[in-house]
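**Q** For reference, the sequence and a predicted model appear below.
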Amino acid sequence: MQRLYDFLRRHPTGVDGFWAVILFGFSLVWIVKAPMHPVPRVVAVPVVFALCSAVALRRRAPEKVLILVIGCGLLQVALDVAVNPSDFAMLVVAYTVAVEGDRRASRFALIAALVAPVIATIRWPGPEQRTLLGGAVAMVFSVIPFLLAWVLGDSIRTRRAYYAQLEERAARLEKEREAQAKVAVAAERARIARELHDVVAHNVSVMVVQADGAAYVMDAAPDQARQALETISGTGRQALAEMRRLLGVLRSGAPSDDSDYVPQPDVEQIDDLVEQVRGAGLPVDFKIVGSPRPLPSGVELTAYRIVQEALTNTRKHGGPDVGASVRLTYFDDGLGLLVEDDGRGARHETYKDGGADGQGHGLIGMRERVGMVGGTLDAGPRPGGGFRISALLPLKPTG
């Protein structure tokens, strides 16, 4: 049965043509049996054929078919071809135009549907129309079927438009969801890239400095070399643990191992970071101004990563005998960071275009992190030599 329904939907003109043939057969029977003069009987055949053809072609050209039906109706009135089965085409065409025609044609079809039965009742009155009341009742009952056909077609048209709007909205929402998913994936990739950059750049830099120092004092001071190797080992384990945590985000459905979990760094761990940097040979003056208090996790992670990246850049670009200072200032509505060094500083290309010098994206990552928490960042050379990074992180994001 479903195959039959699918076939009928795929061949609407064939279905309409079938009903047009049936209607034409009934109309021919009426032409043969109806008492008419020879001239109207001959004229009735092409009129009936045109009306039945309108039923067959109603979905292909509803506006043109409406004009054809109205013309046939006028010929019937002029040539005295009485109401017959083929006039059912007027009912069908009024419904079709209300469903598929444009609004102007639909209103025109409504007018025709109201006027045609009235004209037919007046032109060919029945025996019940001898009185004024009988004629009025006959007109009303002849108009009702045409009016109902148009109303039904218009309601179906409205429902189709509503469904089409729902489908369009669903398709638009699906596209928006896909776009949002792509944005979220890109943001997550950028976050992971920033984390990997911070972890690798800082820890590998410390390991390289300690390895060079160990090789230099291997024979002269074995204890100092051993301490440097222990620092390299601890730094390497920490880097591996953090990288394992970050890469675990990329694994879909992989079971997590609690023993590999490393909490996100916070402001309290900046002291350990500074000690680690001091152990790598970079003297750092670290001070805290104000009353320390718990901060949002995003602000604490951003603060830690900024200090970590700033000290890494000091080791990379500061030159020999460089010293650095770190200041954390707790305000009522935010956290201030100031990291300075007295070295030769970074090249102008390192910070003039946002922090990309062709070798890394440290300052770009800083700016992105600060922007995510609604803060501000200022990076550039310090008067008298060296480099300065200043950031203000609000406790509440500013959009």
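**A** That came in fine, so what should we check first?
**Q** and for stretch 32-47, what are the contacting residues?
**A** Here stretch 32-47 makes contact (CB atoms under 8 Å, 6 or more residues apart in numbering) with 28, 31, 72, 75-76, 79-82, 84, 86. Where C-beta positions appear, they are placed from N, C-alpha and C, glycine not excepted.
**Q** average pLDDT for it?
**A** Per-residue pLDDT over stretch 32-47 has a mean of 78.
**Q** just to confirm, which helix or strand has the residue lying closest to residue 139 once chain neighbours are set aside in it?
**A** Counting by CB to CB, 6 or more residues apart in numbering, residue 139 lies nearest to residue 121, which is 4.9 Å off, once chain neighbours are set aside. Assigned by DSSP states H and E, residue 121 falls within helix 103-123.
**Q** got a list of contacts for that helix?
**A** Residues from elsewhere that reach helix 103-123, judged by CB under 8 Å, 6+ apart: 62-63, 66, 69-70, 73, 77, 83, 87, 90-91, 93-94, 97-98, 101, 129, 135, 138-139, 142-143, 145-147, 149-150, 153-154, 157.
**Q** Which helix or strand lies directly C-terminal to it?
**A** Going down the chain from helix 103-123, the next helix or strand is helix 132-217, by DSSP H and E.
**Q** Look up how far residue 47 lies from residue 78.
**A** To residue 47, residue 78 is 10 Å away according to CB to CB, to the nearest Å.
**Q** same deal with residue 101?
**A** When distance is defined by CB to CB, residue 101 is 23 Å away from residue 47.
**Q** same question, residue 187
**A** With CB to CB as the criterion, residue 187 and residue 47 are 71 Å apart.
**Q** Neighbour count for those two, which is higher?
**A** The residue with more neighbours, out of residue 187 and residue 47, is residue 47; 22 against 12, by other CB atoms under 10 Å.
**Q** Tell me how far that one lies from residue 82.
**A** Distance of residue 47 to residue 82, computed by CB to CB: 11 Å.
**Q** what do those two both touch?
**A** Taking CB under 8 Å, 6+ apart as the contact rule, residue 47 and residue 82 both touch residue 76.
**Q** so what does the helix or strand harbouring residue 275 touch, helix or strand wise?
**A** Residue 275 is located in helix 270-279, with elements delineated by DSSP H and E. When contacts are defined as 3 or more CB pairs under 8 Å, 6 or more residues apart in numbering; DSSP states H and E, helix 270-279 sits against helix 132-217, helix 222-248, strand 284-289, helix 297-317, strand 324-330.
**Q** and these, which one is worst for confidence?
**A** Ranked by mean pLDDT, the helices and strands packed on helix 270-279 bottom out at helix 222-248, with a mean of 72.
**Q** Specify the angle between that one and helix 270-279 in degrees.
**A** Put simply, helix 222-248 runs at 130 degrees to helix 270-279, going by axes from the mean of the first three to the mean of the last three CA atoms, to 10 degrees.
**Q** tilt between helix 222-248 and helix 132-217?
**A** 170 degrees.
**Q** quick one: helix 222-248 to chain centroid distance?
**A** 44 Å (CA atoms, centre = their mean, to the nearest Å).
**Q** Now do it: which elements does it pack against?
**A** Looks like helix 222-248 contacts helix 132-217, helix 270-279 (3+ CB pairs under 8 Å, 6+ apart).
**Q** I'd like to know which of these is closest to residue 309.
**A** Nearest of those to residue 309, taken as CB to CB: helix 132-217 at 5.9 Å.
**Q** and that closest one, what does it pack onto?
**A** helix 88-100, helix 103-123, helix 222-248, helix 270-279, helix 297-317, helix 362-372.
**Q** wait, what's in contact with the nearest residue to residue 102 once chain neighbours are set aside?
**A** Among residues not flanking residue 102 along the chain, residue 63 sits closest, at 7.4 Å (CB to CB, 6+ apart). By CB under 8 Å, 6+ apart, residue 63 lies in contact with 97, 101-102, 105.
**Q** mind giving me CSV with those residues and columns for pLDDT, distance to residue 167 and neighbour count?
**A** CSV is the format used below for the contacts of residue 63 (pLDDT from 0 to 100; distance: CB to CB, whole Å; neighbours: other CB atoms under 10 Å):
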residue, pLDDT, distance to residue 167, neighbour count
97, 93, 24, 28
101, 86, 22, 21
102, 86, 21, 11
105, 91, 25, 17
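**Q** Now for residue 170, how many residues are close by?
**A** 10.
**Q** actually residue 19, not the one I wrote
**A** Residue 19: 15 surrounding residues under other CB under 10 Å.
**Q** hang on, the earlier thing: tell me the phi and psi of the residue nearest to residue 102?
**A** When read as degrees, to the nearest 10, the backbone of residue 63 gives phi -70, psi -40.
**Q** Kindly report the same for residue 341.
**A** Residue 341 has phi and psi values of phi -140, psi 160 when expressed as degrees, to the nearest 10.
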